[in-house]
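J.: here is my input, please return the structure:
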Amino acid sequence: MQERSFRAFVAIEIPDSIRNMISALIGRLRERDVTNCVRWVRPEGIHVTLKFLGDTPAVKERVIESALESTAAIRQGFDLSLGPLGTFRSRRGARDQVVWVGLSSETAQLLELAADVDRALVAMGFPMETRPFTPHLTLGRTNRGVRSVPSFTEDAAWPPGDGAFHVNHLSLMESNLRPDGARYTRRAIFPFSRSPRIERPL
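T.: Numbering: from 1, shown residues only. The predicted structure follows:
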């Protein structure tokens, strides 16, 4: 019998108010993408990825949850703000680009959190991150074979003046790949400090 697994990652979820701002931004950028060179993400799936775990045996889920719960329990909440637009090269190849929104404000705490998560899961046998962590929200990725893309780094209405939000928990997420794009499901939440535990959704 094949061992059951799920495609897992650790993330910070964003509130609906921030998601709505990003949805409006993607709508404006999509209008400028007249050659459809970018695959824009669904706003409901946008999050801050702290560590991608990949295909993970389901029997490991409880020990992963224990590690994340311990990591979250020693941290305090912090604030982030939506920053400028930018692009960087994808891991897939030199020509592939990711369109993203940067994050500002208390990013030192975010970097420390990402490092804590990495250490906790490396101790459980997951590979250590080799690339520096860049605080961002992914908006889209260029399609394969695209040689040039419009400039998406300027938008008169961005960043918004009210794009701040508070971070007070981690989430263990599942990614389900489908022909029309990935779907994400939260499997567990881990509050910071002494906040009450939020139960796993059914």
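J.: confirm that Leu103 lies within a helix, as I assumed.
T.: No - Leu103: not assigned to a helix; according to DSSP: H, G, I helix; E, B strand; the rest coil it is strand.
J.: which residues touch it?
T.: By C-beta atoms under 8 Å, 6 or more residues apart in numbering, the contact list for Leu103 reads 48, 80-83, 110, 135-137. C-beta here means a position set from N, CA and C on the backbone, and glycine is covered the same way.
J.: please identify the buried residues of whichever helix or strand Asp118 is part of?
T.: Secondary structure assignment for Asp118, by DSSP states H and E: helix 107-122. Residues of helix 107-122 classed as buried: 107, 109-110, 113-114, 116-118, 120-121 (neighbour count, 16 or more other C-beta atoms under 10 Å).
J.: number of nearby residues for the spatially closest residue to Phe52 that is not a sequence neighbour?
T.: Spatial nearest neighbour of Phe52, excluding adjacent residues (C-beta to C-beta, 6 or more residues apart in numbering): Phe9 at 4.5 Å. Phe9 has 18 neighbours, counted by other C-beta atoms under 10 Å.
J.: what of Gly54?
T.: 12.
J.: quickly list what it is bridged to.
T.: Assessed by DSSP bridges, Gly54 has beta-bridge partners Ala8.
J.: touching, it and Arg7? I think so.
T.: Yes - counting by C-beta atoms under 8 Å, Arg7 is a contact partner of Gly54 at 6.5 Å.
J.: check contacts around the residue nearest to Phe52.
T.: Per C-beta under 8 Å, 6+ apart, neighbours of Phe9: 49-53, 173, 175.
J.: from those residues, which would you call buried?
T.: Buried among these (16+ other C-beta under 10 Å): 49-51, 53, 173, 175.
J.: ok, so of those residues, who is nearest Met128?
T.: Lys51 (9.8 Å; C-beta to C-beta).
J.: what helix or strand does that closest one sit in?
T.: Here Lys51 is assigned to strand 47-57, by DSSP H and E.
J.: now that strand against helix 107-122, angle please.
T.: When axes from the mean of the first three to the mean of the last three C-alpha atoms, to 10 degrees is applied, the directions of strand 47-57 and helix 107-122 differ by 0 degrees.
J.: show me what strand 47-57 is packed against.
T.: strand 5-13, helix 107-122, strand 136-142, strand 169-176 (3 or more C-beta pairs under 8 Å, 6 or more residues apart in numbering; DSSP states H and E).
J.: for it, what does the pLDDT average out to?
T.: Across strand 47-57, pLDDT averages out at 95.
J.: distance between that strand and the chain's centre?
T.: Centroid separation for strand 47-57 versus its chain: 9 Å, with C-alpha atoms, centre = their mean, to the nearest Å.
J.: go ahead and name everything in contact with that strand.
T.: For strand 47-57, contacts defined as C-beta under 8 Å, 6+ apart pick out 3-14, 64, 103, 110, 113-114, 117-118, 121, 126, 129, 133, 135-138, 170-171, 173, 184.
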